[in-house]
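Undergrad: here's my sequence, what's the structure:
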Amino acid sequence: MKPKHSYIARHSAERNSKKADASEATAKVPKNKGNAETAAKESKGRESDGKPRAKKLYVLRTVKLLCLLLALTLSAGLLQEYVLCHADHNRQRLKGFYLEDENSLDVVYMGASEAYSDIAPGYIYSQYGLTSYIFATQSNSILNYKAQLKNILSRQNPGLIVIELNGAVYYNDGETTKDANLHNYTDNVPLDGIKTEWIAENGGENTAEYLFPILKYHGVWQDIPNDMTYQNTVMKDQQRGYCYLKGMLNEAAIFKATQRSMNNVLRQCADGRQPLGALEEQTLRELLQFCKDEHLTNVVFVRFPHIVVRRTYDRFERSNTVGDIVNEYGFDYLNYEVNYDLTGLDETRDFYNLDHLNVYGQQKFSDHLIRDLQNRYALAPRQQTEKQRNQWNLCSAFYNAYYTYSDQLIQSGTGRELSEDTELIKTLSAYLPR
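TA: This is a model prediction of the structure:
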């Protein structure tokens, strides 16, 4: 019995072991198969999820990069506008022009330093009710004139645009193409189609600096914060919404001539002529052709008064040639040098140097010019809002303060240049009526 039992027991154990193995194998097969299918599905899911995730990551990085570029561009623009720039009276004057209400000016004066020293818009408003502004830059080149006229027309439709053509009489002295004389204009106007057209025509090897002046003035940071006067002035003007002196600049001084003046015989010399420089004549003709093509009937060209001496007589003769060319295109040329004796100016009292009037001469010439323009053309004040009247009345008050302060400086012998900046406005405020 024992062997039989042993055999049966062993056989039974082997059979049970095989069943257990088979059962275990059977149990493992579907489990492994299920895991494989699940893993395949998870892998497929990861692959399908990975594509949009990668796309989202790419978009996010692109947006971040664009935001960084935008922030850098805005920062550079702000630095160029308010910090790393050549800020002086030219900048304050041209920036101020763009603060004027559109189509609110009766007269705009355009040209070089003669325009901003010889004309007093605040005084003219108080006496004649005419609103006006001076769009001019120091040593203004004739290369700038056509673009400047376009700038004016883009914002204003004045009764008259008075264009002083001193920029056309430069000759072999480098003033026409001098980099500073061009930047005095281009640095201080918007980057628009007018400016880019000017740069395409005149930029040459300095194109990048004309487009982005920060490239030229990046070293200005060394002057900060010691010399931020005009940057602060421009910001104050923009906060206020207008500037008080409308582009005017003058010097509190009386010129003492060391050479004999020829002004008393200029009328007899009206036939004297000298040729213009080739570049100056070509550019003047382009300006006049533009005016003719645009059918501009509200432009008048002028020559403001100077003290003419032997050294500057050739410039006087070139200004007569300018008049011939202007008349050739059918426009008026009012020569206040030839007709100096009609202006009422006193060369021993009314100038602060050979080329510019002080406040005494400025007031006299402003009267003479406006009366002459009113006699020749239909020049009348346009309607104003109450806000505009209040602003211009305040501007006239500041001009009166300017005149009084300048007169005091002249009488005390402490003359100096007086341009509209925060310090001068603070000083003039003490002279305003209470």
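Undergrad: quick check: bridge partners of Ile163?
TA: When assigned by DSSP bridges, Ile163 has beta-bridge partners Met110, Phe301.
Undergrad: now do the same contact list for it.
TA: When contacts are counted by Cβ atoms under 8 Å, 6 or more residues apart in numbering, Ile163 is found next to Met110, Gly111, Tyr145, Leu149, Val299, Val300, Phe301, Val302. For every residue, glycine as well, the C-beta is placed using N, CA and C.
Undergrad: which one of those residues is nearest Gly193?
TA: Relative to Gly193, the closest of these is Leu149; by Cβ to Cβ it sits at 14.2 Å.
Undergrad: which phi and psi does the residue lying closest to Tyr170 once chain neighbours are set aside have?
TA: Once its chain neighbours are removed from consideration, Tyr170 has its nearest residue in Thr176; the separation is 4.9 Å (Cβ to Cβ, 6 or more residues apart in numbering). Summarising the backbone geometry of Thr176 under the convention degrees, to the nearest 10, its torsions are phi -60, psi -40.
Undergrad: what is the burial count for Thr176?
TA: Counted with other Cβ atoms under 10 Å, the burial measure for Thr176 works out to 22 neighbours.
Undergrad: so what's it up against?
TA: For Thr176, the set of contacting residues under the criterion of Cβ under 8 Å, 6+ apart consists of Ser141, Ile142, Leu143, Gly167, Tyr170, Gly277, Leu279, Glu280, Thr283.
Undergrad: give me the subset of these lying in helices.
TA: With helices taken from DSSP state H, the overlap with the contacts of Thr176 comprises Leu279, Glu280, Thr283.
Undergrad: thinking Leu276 is in contact with Ser319, fair?
TA: No - here Leu276 does not reach Ser319: they are 9.7 Å apart, not a contact under Cβ atoms under 8 Å.
Undergrad: got any residues that touch both of those two?
TA: Common neighbours of Leu276 and Ser319, using Cβ under 8 Å, 6+ apart, are Val169.
Undergrad: with neighbour numbers in mind, choose between the two.
TA: The residue with more neighbours, out of Leu276 and Ser319, is Ser319; 25 against 22, by other Cβ under 10 Å.
Undergrad: hmm, who's touching whichever strand or helix holds the more buried one?
TA: Taking DSSP states H and E as the definition, one finds Ser319 inside helix 313-328. Contacts with helix 313-328, where a contact means Cβ under 8 Å, 6+ apart, come from 165, 168-169, 171, 262, 266, 269-276, 281, 284-285, 288, 301, 303, 306, 308, 332-333, 335, 337-338.
Undergrad: which of these count as buried?
TA: If you count burial by 16 or more other Cβ atoms under 10 Å, the buried members of the contacts of helix 313-328 come out as 165, 168-169, 171, 262, 266, 272, 276, 281, 284-285, 288, 301, 303, 306, 308, 333, 335, 337-338.
Undergrad: quick one: residues contacting Arg371.
TA: Arg371 touches nothing, counting by Cβ under 8 Å, 6+ apart.
Undergrad: can you give me the strands in the stretch 151-300 of the chain?
TA: Under the criterion DSSP state E, counting those that start in this stretch, the stretch 151-300 of the chain contains strands at 160-164, 249-251, 299-303.
Undergrad: will you turn the ones you listed into a markdown table that also has mean pLDDT?
TA: Supplementary listing: the strands of the stretch 151-300 of the chain in a markdown table, determined by pLDDT from 0 to 100:
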| stretch | mean pLDDT |
| --- | --- |
| strand 160-164 | 98 |
| strand 249-251 | 98 |
| strand 299-303 | 98 |
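Undergrad: isn't Met340 right up against Met262?
TA: Actually, residue 340 is Tyr rather than Met. No - with contact taken as Cβ under 8 Å, Tyr340 and Met262 are classed as non-touching, separated by 9.8 Å.
Undergrad: can you select the buried ones among the ones in helices among the contacts of Thr176 for me in ChimeraX?
TA: In ChimeraX syntax, the buried subset of the ones in helices among the contacts of Thr176 is picked out as below (16+ other Cβ under 10 Å):
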select :280,283
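Undergrad: which stretches of the protein have low pLDDT?
TA: 1-51, 71-85, 217-227 (pLDDT under 70).
Undergrad: hang on, Leu418 in a strand?
TA: Yes - going by DSSP: H, G, I helix; E, B strand; the rest coil, the assignment for Leu418 places it inside a strand.
Undergrad: and it, how many neighbours?
TA: A total of 20 residues lie near Leu418 under the criterion other Cβ under 10 Å.
Undergrad: is it bridged to anything, and to what?
TA: With DSSP bridges as the rule, Leu418 is bridged to Asn250.
Undergrad: who touches it in this structure?
TA: By Cβ under 8 Å, 6+ apart, the contact list for Leu418 reads Leu249, Asn250, Glu251, Ala252, Tyr402, Tyr405, Ser406, Leu409, Leu424.
Undergrad: how close does Ala397 get to Tyr431?
TA: 9 Å (Cβ to Cβ, to the nearest Å).
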